[in-house]
Structure formats: structure tokens, C-alpha cells
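J.: Sequence first, then the predicted structure:
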Amino acid sequence: MAEILFKLLEMTIIIALLIPIAAMLVWVERRMIGIWQDRLGPNRVGPFGILQSLADLLKILGKEDWIPPFSERLVFTIAPVIGAVCVLMSFAVIPFSPSIGVSDLNIGLLFFLAMASLSVYSVVLAGWASNSKYALLGGMRAAAQTISYEVFMGLSVMGVVLLTGSFNLREIVIAQESGWLIQTQFLGFIIFLIAGIAESHRLPFDLPEAETELTAGFHTEYSGLKFALFFLGEYLSVTLISAMSVVLFFGGWLMPEPLASWLPPLVWFILKILFFVMFFILLRTSLPRPRFDQLLSFGWKYMLPLALINLLATAAFKLGGFYG
Amino acid sequence: MTIANNKKIIDMTVSKDWQQTTVISLFEEISALAPDVALTPVSAIENIVDDIPSFWLDKDKLCKLMQALKYDLSKPFDMCFDLSAIDETERQHKGNSVSDFTLNYHLRSHQRNQDIRLKVAISAQDKNIDSVCSIWANANWYEREVWDMFGINFTGHPYLCRILMPNTWQGHPLLKTHPARATEMAPFTLPPDEQDKEQQALKFNPEAWGMKRQNKNNDFMFLNLGPNHPSVHGAFRIVLQMDGEEIVDCVPDIGYHHRGAEKMGERQSWHSYIPYTDRIDYLGGVMNNFPYVMAVEKLAGITVPDRAKVIRIMTSEMFRILSHLLFYGTFAQDIGALSPIFYMFIDREKLFAIIEAFTGARMHPSWFRIGGVAQDLPQGWDKLVRDYVNYLPKRLDEYEKMVMQNALLKNRTVDVGAYSSKEALEWGVTGPGLRATGYSWDLRKQRPYGGYDQFDFEVPLGHKGDCYDRCRVRVEEMRQSIRIIEQCLNNMPEGPYKAEHPQTTPPDKSRTMQDIDTLIPHFINVTWGPVIPVGEVSMFVEGTKGIMGYHLISDGSTMSYRTRIRTPSFAHLQMLPLISKGQMVADLIATLGSVDYVMADVDR
């Protein structure tokens, strides 16, 4: 009984921390982009503008919760919730430190992939239920993009599974005690990262919401809290993809000695995540957006073969006993 | 009428010797081609002071002559440069050929480097004329504009409807009978039922444009892009007929930014119209004043002093850089690169600071005056300019790596939205859009105006005419502009910044308090504005977006009788359906960005 209560408490704490962290990321991103673009970014609310997200939240709470009369009401309301929930569910399998983590599912990695696939419903349904042409185009783009990219997202991590012999994320981390998987799975990591950016619809893969083309894409008709949920979902998934990259390829909370003794494992984990989040933001400031068909052909023509080669090579080396 | 007779008329009427030879030779050539087309040279009363050969002709001969000029003439006239009308009903000084309306066809031959102006008289009883759309593709919008503004009917036009005014509008605003000021009209009201009607009128009807709602496999989607859309750069609406994400056809809808600038020209004094010109191509600043003041100076016979000339060229080139930098940034942004525009805005700010030091204003200085510029350059101006001239090239090198060399950007823009030189000329494309196709035609080189013949610079060219080349040409133009500015800096002549001429505005004040004979003209010129001699003139400059110019008619008054503004963006937007067919939506956005238009420049 006490164990269940403890788990519930742990879950609550993780969710209660994740959501403010995602909100803070909005500020971090705006500030960092500001600095990288030779301007200041939001610096008025609180010290260094750190309370900007809070101000945004208050403003968004005060907005009218408007559902367009021409939309499909029920689906329109559910769509943003699906997105946020799917991403939050994925965090259940992330091992934050040797002792922290909601669930050590044996199929943790598959669970993550499943949730990533499910979250596409959020975007597609939003695009469809809005009953608006821009939203529909955004939804269509999202469906095509996510379905293509999750194929080789799955393939890219199979190398990791081959090497560690487990779908359990905690065991994958522990298996990296002898060395991070990035050493052997570099190609897999690159493919995973690219697919991850595509999954979270960030520039240069932000076609479903390309504002210069589709005004706001699938969330054109959304405002107020529902819009905030989409926003939250996007930043949560940035955190998620960063966390997954760390867990799968960069040893999770592990650090080589003597660094490991300087800081607790959880802090190392968070620092590593932060590094990837920053990378995501930097990517957004520096790259233009490919065209829709270019994105898809890049996926199927280059990423898929590369992912397969990576998998086959890893399997061959494993069979050949190169990894000991 | 025989050729010999006509020659005699020319001898009698055309007063300027330098013009005679070209007029006569062109006249003979045309008469040999189309003997039954009776051309009459313009009369002395009309006093056309520019060097464009101008002829009157009968309206039933128009199409025949157009055909001969475009297809039969050796070194033909290959561009319908402008088409506009004049309501002559209140004109005091007019020749015998003038009826109630005049249609002005302005054609250009690039091989001859010569223009021709054809005038057709139309009476108020029979406001019909044959459309020339089948000969000049770009006459379509011009004829719609003339119909919209004057109510002249073009028979055979594919779809003659309102273009600048709303569909529900009653009347024709450029008629002299239409009031020009709000105080002459009843107050504007928009009751709810009227508003509903207006909204209904905006609904797009594909059938009216000859579009189908489906083909045998698919239903088409009609997407309303604009008038408020982040990538249409202003209030501009394009209705896209789409098959999935592919554009089957599109209909550009303009007029949301129409302010009646041409009508205002008929109610403002020659001097007080200058600020209105700034707002035509609102990124061009003083570049807009340039053709206008040149036209007025030509009418008044004012020669501008050298210092004023160099100052004008220097500030114009500064605005070319300002406009091109904005283009560069927004183009990259339209492709999805978010950062370059911020860096470029910093460069623009630095240059605006210099403009501010010169003129006291930033985007719209209204700084050129009839006969010169408003003030002399401030002390220490050369240091400001020199610092900037040294600063910008390094930044451009950086942008080269950031934008032009970016593989993603190249993928998005190379071979996208391309058109050939032939198509460009057919559609009246000028400026960087024409040069990107590899056609070397820069007004500053071909017909140097305002002193450009004294400067050493190159004309950058593209070769594919696609989005990437249009951007590339503009980037290189900025470097050439820096070169010109540098030459201005090193060779700024001493002397007055305004001409010593009674019609220079505001006039020279140094002797006004000493003698009554200068006090009275000064008083009149300042209070009423100068009276510009009767005449007609067209003046053009190589603007930021292409060739922009003013066609002014003075009826010997303090205000212009007709102000026609020929803007490049109008022609460029008309071409959109041609280049956007078969594109994806994302390509269209890249194409729109690369065309570099300003809606104020389109709608006026």
C-alpha cells in the first residue's frame, strides 16, 4: 500500500515539475533566440524576465475560451489534450536517476514509440476538427510527416536494443556503464535526433504549423488554454526527445569519474537534457524550412536506408563479436 | 495622308531639334509598315517636353498599329510599359486632337532603347475601344484599371471588372466630376446590412474567372490567401485553386491598399504632393521623390546644380540598400530562416540613423524639392557615410554564408518561380526581376538620368530568372550601390543645394527682405505654390523594385491636371498566375518573397 502511495507521490511530483519546466522553456527559448539574434528577448517580468511564462500563463487564462461555431466541438476540444497527455505518458518510462522514475516497463522503449505515434492524432484531429482550410493542410502535413519519420525513428533505436539486449530504458542506461552508446551508435543517434525534431514539429521540420505558409497550420483556429496546451505539448516533447537522446545514447544519469562524484546523477541528467534543448533552440534560429515534398523524400530516400544500414551493420558486428 | 505631308506637320509642330530626327525616322518606318494608319504627331499646345515620340491615332486603327509595332517592325516594341487615361473635360490648354478622354499607350523597344507614346481620343458619347489584351498580355490589368477609374469600356477584354475599387463601388473616381475631398462628399457610413453586402461581394466565384470546381478525379480546394496573411507582405489577396498542395491556378486580388494617390495629385500643389510620393513605394523613401521632382523640373525648365544631383543620387542609393536589405531578410524569413532579418534590421537602423542626420526623418523623408533638396548635408556627414560604407560589405559577406550558401535555401529557391526574359518583357517586368533573367537593362545605364552617367558601377545579372537569382541580383546591387555612394562621398561637389530659379520651391529667401520684386514671387510661390508651365512629361527612375515613374500633365496651374504613377510592382504582381501554376504553396511563398513588391506601390 505504502509503495503505491509512494509511486503516486512520485508521479505527481514529476508532473508538477515537468509542466512548469516546459513553461520555463518557453522563456529560455525566447531569451536565447533573442540573444542569438542580437536582441534582448523578454527581460521585463522579474529578474532577467524569468517570470515571463507566468505572465503569459495569466494572460492566456484570461482569454475567452472560444470554439469556432463551424468546428467539430468535441474533437476540437479533445485534440490538444491528446497531445499533452501522450507526451506526459512517455515520461513515465524515463529513468531520471538510479532511484527516480515512475515505471521500469520491460517494453519502455516500445511504449515511448507507441506514445509518439499516438500523439499524431492530436495534430491530425485538430486540423480536421477546425474545419478550416489552413488547419486541414497543416493536419495533412503533420500526418504524412509523422508517419514517415516514426518509421525510421523506430529503426534507429533498434541498434541500441541489439547492443543492450533490452527494451527497458533503465537497463539500457545501466548497460552504458562501460561506455556511452554514442560511440558505437553515432549514425543511429543522428537519425534518432532528426526524426525526433520531426516528431516535435520544430524548425526546420515545423511544416504543419509553418507560419509563413499556413498562418499557424493545424492550430490556426485555437486560442486561449487550448492553444496553450498545444504549446505545452510542443515544449514537453522537446524535453522528451532530449531526455530520450540522453537515455539511449549518452548514458542517462551516468557520468565518467571523476565528474560523476561532483554532482548527483539527477543533476547530470538534467544538465545533459538542457544541452540538447539548447541545441534544438539553436537549430531553430539557424535553419530555413524545406518544402513538404523535399522533407518526405529526404526521409524515405536517405534516412530510411541509413537507418537500415545502421541496424544491419550493428547486427553484423554483434554477431561477429566485435562488441565482446 | 502622305508621308511628305506628315513630315511637314512634324516640322511645324515639333519645336525641339534634337527630337526631330528620331521622330521622323520612326514615323517613316511605321508609315511604311502600316500605310493606312494615320498617325498625327502631337501639337505644340500640348507641349510634350520629354523625348518620347508621341502620336495621335484613330481608335479603330489601334490594334492594327499595335500589331505592326510588336510583330512587324524591325527591332520591335517589345513591352507595353504603361497604359492610362486622362479625363480631358476640364482641360484649358488642349490641342485639336483632344476629345473628352485620352488613352495613353506607352510602349518600349529595348533594342532601340526608345519609347513611343500613342494617344487615342475617346468621346464621352462612345466610351468604347478595342482591347489590346490579345497583343499585350499585361494590358489586362491596365485596361481594368482604366475601366475602374474612368469607365472606358474595352471590347474584347477577357474579364473587365473592378481592380482597385471594391466590386460594389459606384462611379469612376478619376473622372473630373468625382469629388476629390471627403468634405465634398456625404459622410461615410456602413450599416450592418451594407456590411453584409460588402462581405458577400468579396466571396470568390470561380466560375466568373473561368475556373472549374473539379476535374474528373478531384474536387479543387479554393484557398483564400490574404488579404491578411503573414507572407503576402501587406494587404493582398490571392485566391488559389488547389489540387492537394499543388496550385492549379490563382487569381490575385489587389486594391486593399488603394489610397487614390493619383487623384490626390490633382488636388495638391506641385510642392505639397512630394510627401505623397514617399508613400508609393514606402520602402523607397526619397527614391520616390526622384522621378516626380525630375518631371516637374523638366516642365518648369529648371536645371539642378551638381551638388544637389550628387546628394540625390547618394540618398537614393542609400534607400536602394535599405529596401534590398529588407527584401533580403524577409525573403529568408519566408523560406523559414528566422534570424537573418534581425541582423539586417540592425544594418538598416544604422543607415536610417544617417538618413535621419541628413533629413530629420527615417523612412519617408520627403526630402527632395523642386529644383534641389530640402537642406544641405550636415557637418560631418562624410564620416557617417564613410563608416557605413566600410561596415556594410563585411556584413554582406556574412549574410552570403548564412543565406545564399545555405543548402536548404538553395533547394527551396533554385529553379523555383522561374520565367524567361521573353516572358518578363511580355509582362512588363522591370528592375531586378528582369535582370535576374539575364537581360541587362538598367535605366541608370541605358538612359542615365539625374547624373548617373558620371558614376562607375556594374549591372548585376542572373541567368535563370528563378527566386534564387532574383535574390542574388539584389544582393549584388547592394554592393554596387555602396560603390556609387563611395564615389559620391569622394567627389561631392561644392555649391548650392538648390537651383536658382524662380520656381524652385521653397524659393531662395536671401533677397526677399531687400526688394519687393523677389518678395512677391516668394510670397506667391510659398502660399499658392509654383505655377508650372503648360506641358506634359514622363520621367522614370530605376527604383528599388523596378522602373517607376510619373506622367504629369500641367494645365498651367498650381496643381497637376493629371498625375499618373507607373509603378513596377503592379506589373510584377500581374504575372503571378503565370509563374505560380503547378507550384506548391511553399513555392508560392518563396516566389512572392522573391518578387519583392510593396502593396502601396501596386495599389497607389
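T.: Structure received.
J.: hey, which helix is longest across the chain?
T.: As the question left the chain open, I've gone with chain A. helix A:2-36 (DSSP state H).
J.: was after chain B, sorry
T.: As assigned by DSSP H, the longest helix anywhere in chain B is helix B:306-335.
J.: Name the residues of the helix or strand just after that one that come out as buried.
T.: The first helix or strand that comes after helix B:306-335 along the chain, using DSSP states H and E, is helix B:340-359. Using 16 or more other Cβ atoms under 10 Å in any protein chain shown as the test for burial, helix B:340-359 gives B:340-345, B:347-348, B:351-352, B:354-355, B:358-359. (C-beta placed from N, C-alpha, C; glycine too.)
J.: Let me know the pLDDT of the closest residue to chain B within the stretch 51-200 of chain A.
T.: Going by Cβ to the nearest Cβ, chain B is nearest to residue A:133 of the stretch 51-200 of chain A, at 5.2 Å. pLDDT, residue A:133: 86.
J.: OK, contacts around residue A:306?
T.: By Cβ atoms under 8 Å, 6 or more residues apart in numbering or on different chains, the contact set of residue A:306 is A:152, A:187, A:191.
J.: can you pull the contacts of the first one?
T.: Which is residue A:152. Residue A:152 makes contact with A:191, A:195, A:299, A:303-304, A:306-307 under the criterion Cβ under 8 Å, 6+ apart.
J.: I'd like those as TSV, with pLDDT and secondary structure appended.
T.: Shown next, in TSV, are the contacts of residue A:152 (pLDDT from 0 to 100; DSSP: H, G, I helix; E, B strand; the rest coil):
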residue	pLDDT	secondary structure
A:191	89	helix
A:195	88	helix
A:299	86	helix
A:303	87	helix
A:304	88	helix
A:306	89	helix
A:307	88	helix
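J.: any chance of the buried residues of helix B:340-359 in TSV, with pLDDT too?
T.: What follows is the buried residues of helix B:340-359, written out as TSV (pLDDT from 0 to 100):
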residue	pLDDT
B:340	90
B:341	90
B:342	91
B:343	92
B:344	92
B:345	92
B:347	92
B:348	92
B:351	93
B:352	93
B:354	93
B:355	93
B:358	92
B:359	91
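J.: related to what we said a few turns ago, which elements pack onto the longest helix of chain A?
T.: Helix A:2-36 is packed against helix A:52-61, helix A:224-249, helix A:265-286, with contacts defined by 3 or more Cβ pairs under 8 Å, 6 or more residues apart in numbering or on different chains; DSSP states H and E.
J.: Point out the most buried one among those.
T.: Among these, the stretch with the highest mean neighbour count (mean count of other Cβ atoms under 10 Å in any protein chain shown) is helix A:224-249, at a mean of 23.
J.: what angle separates that helix from helix A:2-36?
T.: 100 degrees (axes from the mean of the first three to the mean of the last three Cα atoms, to 10 degrees).
J.: Which neighbouring elements make contact with helix A:224-249?
T.: Packing partners of helix A:224-249 (3+ Cβ pairs under 8 Å, 6+ apart): helix A:2-36, helix A:52-61, helix A:73-90, helix A:108-129, helix A:133-164, helix A:169-175, helix A:186-199, helix A:265-286.
J.: which among the buried residues of helix B:340-359 gets closest to residue B:229?
T.: Nearest to residue B:229 among the buried residues of helix B:340-359, counting by Cβ to Cβ, is residue B:341 at 17.5 Å.
J.: Could you find the closest non-adjacent residue to the closest one?
T.: Spatially, and ignoring its direct neighbours in sequence, residue B:341 is nearest to residue B:329 (3.1 Å; Cβ to Cβ, 6 or more residues apart in numbering or on different chains).
J.: Now do the one you found, the pLDDT please.
T.: In this model, residue B:329 carries a pLDDT of 91.
J.: Does it touch residue B:338 like I think?
T.: No. Residue B:329 is not in contact with residue B:338 according to Cβ atoms under 8 Å; the separation is 10.1 Å.
J.: For residue A:316, give me its contacts.
T.: Residues in contact with residue A:316 (Cβ under 8 Å, 6+ apart): none are found.
J.: any idea how far residue A:172 is from residue A:155?
T.: 16 Å (Cβ to Cβ, to the nearest Å).
J.: what do you get for residue B:441?
T.: Distance from residue B:441 to residue A:172, by Cβ to Cβ: 65 Å.
J.: Show me which of the two is the more surrounded one.
T.: Under the criterion of other Cβ atoms under 10 Å in any protein chain shown, the comparison of residue B:441 against residue A:172 puts residue A:172 first, with 25 against 21.
J.: Quick check: nearest residue in space to the more buried one, chain neighbours excluded?
T.: Nearest in space to residue A:172, with sequence neighbours left out and distances taken as Cβ to Cβ, 6+ apart, is residue A:164 at 4.8 Å.
J.: Now for that neighbour: which residues touch it?
T.: So residue A:164 contacts A:171-172, A:175-176, A:181 (Cβ under 8 Å, 6+ apart).
J.: near chain B, which residues of the stretch 151-300 of chain A show up?
T.: A:203-204, A:206, A:210-215, A:284-294 (Cβ under 8 Å from any Cβ of the partner chain).
J.: Can you tell me which of those residues are buried?
T.: Neighbour counting with 16+ other Cβ under 10 Å marks A:203-204, A:206, A:210-215, A:284-292, A:294 as buried within these.
J.: Can you tell me which of the residues you listed end up in helices?
T.: Mapping these onto helices (DSSP H) picks out A:211-214, A:284-286, A:292, A:294.
J.: Could you dump the helices and strands packed on helix A:2-36 into CSV with distance to residue B:236 and mean pLDDT added?
T.: Listed next are the helices and strands packed on helix A:2-36 as CSV, based on distance: least, Cβ to Cβ, whole Å; pLDDT from 0 to 100:
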stretch, distance to residue B:236, mean pLDDT
helix A:52-61, 31, 86
helix A:224-249, 27, 87
helix A:265-286, 28, 86
